[in-house]
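Colleague: Need coordinates for the below:
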Amino acid sequence: MKFVLVFGPQAVGKMTVGQELEKITDLKLFHNHMTIELVSPFFDYGTKEGKRLVNLFRQEIFEEVSKSDLNGLIFTYVWAFDYQADWDYINNVCNLFESKGGTVYFVELEADLEERLDRNKSPHRLEHKPTKRNVEWSEQNLLKTMEEFRLNSIEGEITRDNYIRINNTNLSAIEVATIIKEKFNL
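Modeller: Reported below is the predicted structural model:
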């Protein structure tokens, strides 16, 4: 079992890279908005109920996948590096897969702010993430989150062997997916 964690700030391209990686490997994509969009017709993700349900669905999917005969899972996540609860969450998810004999791969994406603001409005993103269709709100949320949290790691902060950091400002999603596949022999 392979667990590929693709993380980085909003609109960096996690889902799109994950979609391309899914196409060229035998891994399944579980992008973070799949659960957010499922819950959002009932509860906003920012509410206590919304967060509880999103986390519950994710945990149940992780549990089932970790003990399945699937070859692996790609999961996308916005990781606040200065927020201990996010470190704890990532450690718990990784421990779940590793406890079942799985291998975890960390893929960190970064891109220039202007590129992320452009990607935030892309038709592909808006098609797959209805909660981002209020582009004005989404852009403000992207900027506010950037001010509140550190969304990329500091050099040397991630000490895992299976780790790669990619600046994908000027790379296509298929180029990034190919780099990931080749780096980790997926």
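
Colleague: Show me how far stretch 30-38 is from its chain's centre.
Modeller: Mean-position distance between stretch 30-38 and its chain equals 10 Å (CA atoms, centre = their mean, to the nearest Å).

Colleague: So in the protein, where's the weakest helix or strand by average pLDDT?
Modeller: helix 123-128 (a mean of 77; mean pLDDT, DSSP states H and E).

Colleague: Can you spell out which helices and strands pack onto it?
Modeller: Counting contacts by 3 or more CB pairs under 8 Å, 6 or more residues apart in numbering; DSSP states H and E, helix 123-128 is packed against helix 14-24. Using the backbone N, CA and C atoms, a C-beta is placed for each residue, glycine as well.

Colleague: Tell me, what's the model's pLDDT at the spatially closest residue to residue 160 that is not a sequence neighbour?
Modeller: Nearest residue to residue 160, sequence neighbours excluded (CB to CB, 6 or more residues apart in numbering): residue 106, at 5.3 Å. On pLDDT, residue 106 comes in at 98.

Colleague: Helix, strand, or coil at residue 106?
Modeller: strand (DSSP: H, G, I helix; E, B strand; the rest coil).
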